[in-house]
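K.L.:
Dropping a prediction and its sequence here:
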4 protein chains.
Amino acid sequence: MIIVMTTQATEEDVQHVIQRLQRDGLDGQINRGAERVVIGLIGTGFPGDYQEHIEMLPEVESVTRITKPYKLCSRDFKHADTVIDVSGVHIGGGSDFVVMAGPCSVETREQINETARVVADGGARLLRGGAFKPRTSPYSFQGLGEEGLEYLAEARRATGLPVITEVMEPDEVDVVERYADVLQIGTRNMQNFPLLRRVGQTRKPVMLKRGMSATIEEWLQASEYILAEGNKDVMLCERGIRTFEPMMRNTLDLAVVPMLRRLTHLPVIVDPSHGTGAWYLVTPMALAAAAAGADGIIVEVHPDPDNAWSDGPQALTPKNFNAMMRSLEAVVAAIGRRVAAPVAAVV
Amino acid sequence: MIIVMTTQATEEDVQHVIQRLQRDGLDGQINRGAERVVIGLIGTGFPGDYQEHIEMLPEVESVTRITKPYKLCSRDFKHADTVIDVSGVHIGGGSDFVVMAGPCSVETREQINETARVVADGGARLLRGGAFKPRTSPYSFQGLGEEGLEYLAEARRATGLPVITEVMEPDEVDVVERYADVLQIGTRNMQNFPLLRRVGQTRKPVMLKRGMSATIEEWLQASEYILAEGNKDVMLCERGIRTFEPMMRNTLDLAVVPMLRRLTHLPVIVDPSHGTGAWYLVTPMALAAAAAGADGIIVEVHPDPDNAWSDGPQALTPKNFNAMMRSLEAVVAAIGRRVAAPVAAVV
Amino acid sequence: MIIVMTTQATEEDVQHVIQRLQRDGLDGQINRGAERVVIGLIGTGFPGDYQEHIEMLPEVESVTRITKPYKLCSRDFKHADTVIDVSGVHIGGGSDFVVMAGPCSVETREQINETARVVADGGARLLRGGAFKPRTSPYSFQGLGEEGLEYLAEARRATGLPVITEVMEPDEVDVVERYADVLQIGTRNMQNFPLLRRVGQTRKPVMLKRGMSATIEEWLQASEYILAEGNKDVMLCERGIRTFEPMMRNTLDLAVVPMLRRLTHLPVIVDPSHGTGAWYLVTPMALAAAAAGADGIIVEVHPDPDNAWSDGPQALTPKNFNAMMRSLEAVVAAIGRRVAAPVAAVV
Amino acid sequence: MIIVMTTQATEEDVQHVIQRLQRDGLDGQINRGAERVVIGLIGTGFPGDYQEHIEMLPEVESVTRITKPYKLCSRDFKHADTVIDVSGVHIGGGSDFVVMAGPCSVETREQINETARVVADGGARLLRGGAFKPRTSPYSFQGLGEEGLEYLAEARRATGLPVITEVMEPDEVDVVERYADVLQIGTRNMQNFPLLRRVGQTRKPVMLKRGMSATIEEWLQASEYILAEGNKDVMLCERGIRTFEPMMRNTLDLAVVPMLRRLTHLPVIVDPSHGTGAWYLVTPMALAAAAAGADGIIVEVHPDPDNAWSDGPQALTPKNFNAMMRSLEAVVAAIGRRVAAPVAAVV
């Protein structure tokens, strides 16, 4: 921690800071410059928000934290990539590129079964589908709930694809966990701390979507809530951030992919469907995500997008999905990885 | 709903849209222009996200919603201002300006009692204080929980000030409701829909803070979740939005005050403490909020900010709080309102 | 400047940094902590972007600048408020609150004369009006040019109000300077450095509007371009920043008013017309700006807004302008200032 | 244009709008719904900002523009891709992927010659380098001016690479045009309309960088200023937008690449150096830009980044540049394009 005094600070002000540090068992080193004094405090023996206390002292101009405000997710803490095994599909680690696909919402048994077959045949390795849906309006379709989870489980039995689905509140975790292979935390819940703690207590892998206006540091700190409860299988999902641009639903921030690679050992997934909001942008952004080094993508596919119950405009048709997969294979190969191959089918 | 066809749309494309509308029991009116066809669909007999379905049809360029995506909170639905009665304090309605004050976190019995006395004497009408705290890092102080609620209740008995405090998850509502007079939904939970529904089922007034990157429409739709459950006592609280400016914690968006006044009958409160993050900006922004027409403010006060357990840098000292109250009285009077007077004390 | 080494940095890496500093005639102080080394460099004998060079050295994790990247505009450099005298109207200094008003664009001789009379009678002390207009589309009305300046000068003769008008490029400065009393730099030109230098060479006061996505530091550095050329009469104008909110044209950032007060001695003006884009938000935001401590406002007034050639939706009618002035007088008085009184009229 | 009346609008209000349209020679079609009236106005015989006038009429709730606010740059106006020929290098058209590379600033004859050789050998087809530099602070290095242009011309003679360089003000265009093959308009000047008009009058291709907070529509309208003057050779360059994320200099918005492809026939270039601000993010983002379908990239390369006079942290070393080129070749091939091959060298 670096404490910069104002140019007006007196010796008394400096000693006031030093005494406060000493009271808290800390040892500050004083650097006296021509214009001002700077006090260095190196170490980690103080709480995460200790900075705030020092900022308040008289004639302190600024306090800069040096150490990162997260630990377990950091590459400093664990150097090797985390590889998450979801029923034989390996996410993370730099070799396999994993495609997760399916509809935004589970609508009917037929719809989810048909979509599952399409995406399994096309090369997806996980099936996505929402049963509990967070909707901006209370008057929109809110998901089928447990009935939707049953349909997902049925589609898994038919295709062998493990299932990823969203959980919205702590009390739902029990039921979702019974059906799902991966628990998804949606963008609106990235800082729903009771929910993060609760999924941290399960043994299921968690995909933590970035909050729509979350900084990278906040996102990593949110992952820390899950990791701190003992669940090591966390993957991060970039799904676009909110900016001033009205023409796209979100702004997909692909530079976080290589940035996260430096900061954390956790796998990084990209969602080009929510990240853009328009089906015709999904394939280019899926290819770009692969080229940027993502460990996989999660995309929306619907057999009949113009009758989808939610998010139809961003869903790929089966035909477009298959075309995307062929392009992806080429791009993924160009950067020395491969699209994850099917595991031994259950069918 | 206005459906604009592309300039390439054929007669067949237009009929395809018309048939889809008819299939869904709706009636579109066709306007043929020199360059393109526009189809108007007036009415409300379609679901909130019906727009999405039509956007997907071939050669549809854009679909514009005309009706607002919320209802119960709208001034079209209820013209007169909602006035919320909290133990005799009236919030909303254009006459009283209500000051809510207290520490960020409840820390100790002494701290909350001392602060309550200070703010009651200074002219606050509600006591704020967090017992359950949403913290960015799992390693920061997370609040005293129910013990904190007990201290708050004790401070209420001593000062007569009703209590407002945050609730973070549906399962906490029961306990918080037993102690609190107003339930606060924090910025990170503005779209925690299960929580919104749950507080909608209580009979306690709710203060709904704006999500840090929420649009006004999303915020009003979030209030709709609470109102739709039958709880009519909802107030909105502007607490700053996230922008690119690094020098302030948030950007306080005061123009929402008169904008909300037009759109909704719900009272509007401003939080200049979180809205700026710096104690020296709190008083000017409190005055500005009053001048802009807010129904009240909620501010952080701490007897000893530099030893506060959270958010010290934005807390007012008792002395600064009293100075702010005197300035507020003058500004509030200048716009023809008055700072809410104490109700008959319980003491 | 504080240089933080990574936890992997070797003694050799540290010496590499020290040698680089020495080569550049600087002296770094080494602090050795348990986990890492931090090097302090106190002083100002290095160029503004020296930080960048050090960031590049091996195993340097971060470099933090301590000194501010501006000087002449800083309150550290000049403590007393700058007061700008525009033909007897005093802007800045904490006493007078100055209202500048007029149409967005000068349209006709009659329109500007009528508007000037209205705003002079209502209590404005400067007349605004655009003759050279920066328009997003090349197909929109681009201003009357020098003809507009002549009409403005005529209106000044009739009313005694000094004139503020925008200048868009270095070559226009000569002609605009002949007619105007204050030169306005618009939001799109806040970082048009050749233009800033050029107006810095005039002896006319300059109002520098904030860039629509400019940080406070960038804005102050832009003012530094003008000051560094010798023109000391610079005022800053907050006119709203660009955010994600679609319902308002801009987000008026009023907290910059007290923040700038701390950082700079330059006067601060607020533009609630561009800052909101809607006439019905202008009066509440004008009052809020006054309450926040601004030195004045600049507002758009048009005798017939629905026939205005530009920005009609945000213009006040004469009747609304007069109502705003009456409210302003009360709020300005409440904070111990006064609305600037007319100087001896030329009429 | 679609005019939506409020639910309170009377028949008189509706007729008032109709009469205004008729006065302006326009013909509105009235649609009467259950709750409100909507008036459609189809055609293009009204000025770009006509919408504003109608929005002001009594009881008009909203006005929605249907036609796009730009024309010459639109794919509706010209379907085929614009291909710009720069001394035999073809930019645009979907086949060649063009790499432009060089230092941020021209510093010395040796530095630019060495860099030119490195990037020419590595496969770049244009040489970039700034001689006139827009710098946030007046105290930073401002570029060598014409001396820098001479060094660039010398490097062109030595390597055969055409030169792209920035021009900052109308009066500089003459001199820059004498030396440069492509004129670059920087992010801060995207809406410097006098400058746009002036480069529109040259016969040199122009690269128009996106303003750091410009919407796609504003960017296209800015290109329209150049095209409307008769210069058809305009390419657009995405260089990152300003968001709330502090960890990266900008947020590179790659989804604009496929979005622009739909909207405009102009070539699209990506700048991953300014777009991220960190050399270690440049290669992944260059690959992602290629995968997203960009027509080329512009990157910063410096023989000795840690002694660069500006923007060192984002410059690639020659070694990293060569590694990037090899990866790019593979990714570009994977999407069916090729990295533009050298034209017959002039040497």
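P.N.:
Okay, I see it. Numbering: from 1, shown residues only, chains lettered A, B, ... in the order given.
K.L.:
how about the residues of the stretch 101-250 of chain A near chain C?
P.N.:
A:213, A:242-244, A:246 (Cβ under 8 Å from any Cβ of the partner chain). C-beta coordinates here come from the backbone N, C-alpha and C atoms, glycine included.
K.L.:
again, only using 10 Å
P.N.:
A:212-213, A:241-246 (Cβ under 10 Å from any Cβ of the partner chain).
K.L.:
which residues of chain A fall in helices?
P.N.:
Per DSSP state H, chain A has helices spanning A:11-23, A:50-55, A:109-122, A:146-159, A:173-179, A:193-200, A:216-227, A:256-263, A:272-276, A:279-292, A:318-334. These are given in chain order.
K.L.:
ok, back up a step: return the members of the residues of the stretch 101-250 of chain A next to chain C classed as buried.
P.N.:
Neighbour-count burial (16 or more other Cβ atoms under 10 Å in any protein chain shown) applied to those gives A:212-213, A:241-245.
K.L.:
Of the residues you listed, just say which sits nearest to chain B.
P.N.:
Among those, residue A:213 lies closest to chain B (Cβ to the nearest Cβ), at 3.4 Å.
K.L.:
who touches residue A:259 in this structure?
P.N.:
Contacts here follow Cβ atoms under 10 Å, 6 or more residues apart in numbering or on different chains; on that basis residue A:259 touches A:216, A:253, A:268, D:245, D:247-248, D:276, D:278, D:280-281, D:284.
K.L.:
Burial check on the residue of the stretch 51-200 of chain A found nearest chain D, number of neighbours?
P.N.:
Nearest to chain D in the stretch 51-200 of chain A, going by Cβ to the nearest Cβ, is residue A:68, at a distance of 11.3 Å. Residue A:68 is flanked by 15 other residues according to other Cβ atoms under 10 Å in any protein chain shown.
K.L.:
In contact with residue A:71, which residues?
P.N.:
A:44, A:77-78, A:220-221, A:224, A:227-228, B:137-139.
K.L.:
Tell me how far it lies from residue C:120.
P.N.:
65 Å (Cβ to Cβ, to the nearest Å).
K.L.:
do residue A:225 as well
P.N.:
Applying Cβ to Cβ to residue A:225 and residue C:120 gives a distance of 61 Å.
K.L.:
ok, back up a step: look at the closest residue in space to the residue of the stretch 51-200 of chain A closest to chain D that isn't next to it in sequence and say how many residues are nearby.
P.N.:
Nearest in space to residue A:68, with sequence neighbours left out and distances taken as Cβ to Cβ, 6 or more residues apart in numbering or on different chains, is residue A:74 at 6.1 Å. The number of residues packed near residue A:74 is 17, by other Cβ under 10 Å.
K.L.:
Could you report the distance from residue A:74 to chain C?
P.N.:
Plainly put, residue A:74 is 11 Å away from chain C if you go by Cβ to the nearest Cβ, to the nearest Å.
K.L.:
Equivalent analysis for residue A:231, please.
P.N.:
26 Å.
K.L.:
one step back: which among the contacts of residue A:259 count as buried?
P.N.:
By 16+ other Cβ under 10 Å, these give A:216, A:253, A:268, D:245, D:248, D:276, D:278, D:281, D:284 as buried.
K.L.:
Residue A:117: neighbour count?
P.N.:
Counted with other Cβ under 10 Å, residue A:117 comes out at 16.
K.L.:
got a list of what it touches?
P.N.:
Per Cβ under 10 Å, 6+ apart, neighbours of residue A:117: A:155, A:158-159, A:161, A:303, A:318.
K.L.:
number of nearby residues for the residue nearest to residue A:41 when sequence neighbours are not counted?
P.N.:
Distance criterion Cβ to Cβ, 6+ apart; nearest residue to residue A:41, sequence neighbours excluded, is residue A:1 at 4.3 Å. Using other Cβ under 10 Å, residue A:1 is surrounded by 21 other residues.
K.L.:
With residue A:326 instead?
P.N.:
When neighbours are counted by other Cβ under 10 Å, residue A:326 comes out with 10.
K.L.:
Tell me if I'm right that it and residue A:286 touch.
P.N.:
No - counting by Cβ atoms under 10 Å, residue A:326 stays clear of residue A:286, with 11.7 Å between them.
K.L.:
what touches both of those two?
P.N.:
With Cβ under 10 Å, 6+ apart, residue A:326 and residue A:286 have no common neighbours.
K.L.:
Residue ranges of each domain in chain A, please.
P.N.:
A:2-64, A:84-339 (automatic domain parsing).
K.L.:
what about the strands in the stretch 1-150 of chain A?
P.N.:
A:2-5, A:29-32, A:37-40, A:60-64, A:84-86, A:89-91, A:96-102, A:126-128 (DSSP state E, counting those that start in this stretch).
K.L.:
buried sites along the fifth one?
P.N.:
Of the residues in strand A:84-86, A:84, A:86 count as buried by neighbour count, 16+ other Cβ under 10 Å.
K.L.:
With distance to residue C:64 and pLDDT added, can I get the residues of the stretch 101-250 of chain A next to chain C in CSV?
P.N.:
Converted to CSV, these look like this (distance: Cβ to Cβ, whole Å; pLDDT from 0 to 100):
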residue, distance to residue C:64, pLDDT
A:212, 29, 96
A:213, 25, 96
A:241, 25, 97
A:242, 28, 97
A:243, 27, 96
A:244, 29, 95
A:245, 31, 93
A:246, 36, 90
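K.L.:
Restricting to the residues you listed, which residues neighbour chain D?
P.N.:
Near chain D, by the rule Cβ under 10 Å from any Cβ, you find A:213, A:241-246 out of these.
K.L.:
mind putting those in TSV, distance to residue D:100 included?
P.N.:
Converted to TSV, those look like this (distance: Cβ to Cβ, whole Å):
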residue	distance to residue D:100
A:213	33
A:241	28
A:242	32
A:243	26
A:244	28
A:245	25
A:246	30
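K.L.:
could you dump the strands of the stretch 1-150 of chain A to JSON lines with mean pLDDT?
P.N.:
As requested, the strands of the stretch 1-150 of chain A are exported to JSON lines (pLDDT from 0 to 100):
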{"stretch": "strand A:2-5", "mean pLDDT": "85"}
{"stretch": "strand A:29-32", "mean pLDDT": "81"}
{"stretch": "strand A:37-40", "mean pLDDT": "83"}
{"stretch": "strand A:60-64", "mean pLDDT": "83"}
{"stretch": "strand A:84-86", "mean pLDDT": "97"}
{"stretch": "strand A:89-91", "mean pLDDT": "97"}
{"stretch": "strand A:96-102", "mean pLDDT": "98"}
{"stretch": "strand A:126-128", "mean pLDDT": "98"}
